[in-house]
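> Below are the sequence and a predicted model; questions follow.
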Amino acid sequence: MANKIKIDDELVINDGEFTIIAGPCAVESEKQMESIGSFLSKMEVKIIRGGAFKPRTSPKSFQGLGIDGLKILKDIKDFYGFKVVSEIMDPRDIEKAYDYIDICQIGSRNMQNYSLLKEAGRIGKPILLKRGMSATLDEWMKASEYIKMEGNENIILCERGIRTFENYTRNTLDLMSVPIMKSKTNYPVIVDPSHGTGRRELILPATRAALVLGANGVIIEVHPQPDKALSDGAQSLNFEEFEVLLKEIRKLKGQMLIN
């Protein structure tokens, strides 16, 4: 049984729930986030994601708006009542970001950034720890221990795909990690089908599979105009596609409860 990760008095991530976290890969502007925030609020999504600090393979790619991006997220959070997930890349930014976010994400590239893991372990907020793109399950578990050793057991594990020889998908989504990590740890495990596949047409089937395998939720990239996104547009759903996904997942959850 996974630990209950309490976000506030009403919102928890734990067994028996399938939490949908959604939002853009990157915070691009106030207008973009207002559009997304309004839509996700209507869809009854409770947790919004958005990258303010973006680790990109090319230094010439969009790197995010930094603290200004966090301020935009905070405005959307306050207006619509969301909880916010955003990635922190530098230990020095954790204190700066503290008042803006509710869940601190440690991304794939930083899973073994031990200084960052330790600093994250010293704050009381939940930590969403993504699996490294070439990390074994054991290495992923040990990375979580760095956070736990600093006194923070509010850890959410996120399977986001690993790098293999296959190049049709962006990564190879290792869904077997969900039941394995749930048997080896007390932490909720969620899945990132956006990074895990890199292809928007695969996000719905990957989400279905995650639900059936007992994942505690998914984190999905949503953008009003994916083809114009400043990062990861190919793996982002537009509003219509996301609404279809929600309906399908809620339908599947209902069928599973009946059975």
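Yep, it's here. Numbers count the residues shown, from 1 in each chain.
> Which stretches in the chain count as helices?
Assigned by DSSP state H, the helices in the chain fall at 30-42, 67-80, 91-97, 114-121, 137-148, 177-184, 193-197, 203-212, 239-258.
> Name the residues of the third one that are buried.
Neighbour counts over helix 91-97 (16 or more other Cβ atoms under 10 Å) mark 91, 93, 94, 97 as buried. No exception for glycine: its C-beta is placed from N, CA and C like everyone else's.
> Now do that helix: everything it contacts.
Residues from elsewhere that reach helix 91-97, judged by Cβ atoms under 8 Å, 6 or more residues apart in numbering: 52-53, 67, 70, 86, 88, 104, 115-116, 118-120, 123.
> could you redo the last one with a cut-off of 7 Å?
53, 67, 70, 86, 88, 104, 115, 116, 119, 120, 123 (Cβ atoms under 7 Å, 6 or more residues apart in numbering).
> How about the residue nearest the centre of the chain: which residues does it bridge to?
The centroid of the chain falls nearest to residue 219 when counting by Cα atoms, centre = their mean (4.1 Å). As for beta bridges, residue 219 partners with residue 21 under DSSP bridges.
> Any stretches of the stretch 51-200 of the chain with poor pLDDT?
Within the stretch 51-200 of the chain, the segments meeting pLDDT under 70 span 56-57, 60-61.
> gap between stretch 68-77 and the chain center?
From the chain centre to the centre of stretch 68-77 is a distance of 17 Å (Cα atoms, centre = their mean, to the nearest Å).
> got the contact list for that stretch?
With contacts defined as Cβ under 7 Å, 6+ apart, stretch 68-77 is touched by 27, 30, 33-34, 37, 48, 50, 52, 82, 84, 86, 97, 100-101.
> picking that back up, tell me the one of the buried residues of helix 91-97 nearest residue 201?
residue 97 (33.6 Å; Cβ to Cβ).
> returning to what we had before: from the contacts of stretch 68-77, list just the buried residues.
For the contacts of stretch 68-77, a burial check counting by 16+ other Cβ under 10 Å picks out 27, 33-34, 37, 48, 50, 52, 82, 84, 86, 97, 100-101.
> Among the contacts of stretch 68-77, which pair sits farthest apart?
Checking these with Cβ to Cβ, the most distant pair is 34 and 97, at 21.0 Å.
> could the helices of the chain go into TSV alongside distance to residue 224?
TSV is the format used below for these (distance: least, Cβ to Cβ, whole Å):
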stretch	distance to residue 224
helix 30-42	5
helix 67-80	14
helix 91-97	25
helix 114-121	31
helix 137-148	33
helix 177-184	30
helix 193-197	16
helix 203-212	16
helix 239-258	6
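> what does stretch 185-200 rub up against?
By Cβ under 7 Å, 6+ apart, stretch 185-200 touches 2-3, 5, 13-14, 19, 130, 141, 144, 155-161, 169-171, 173, 178, 181-182, 203, 206-207, 210, 215-221, 226, 234-237, 241.
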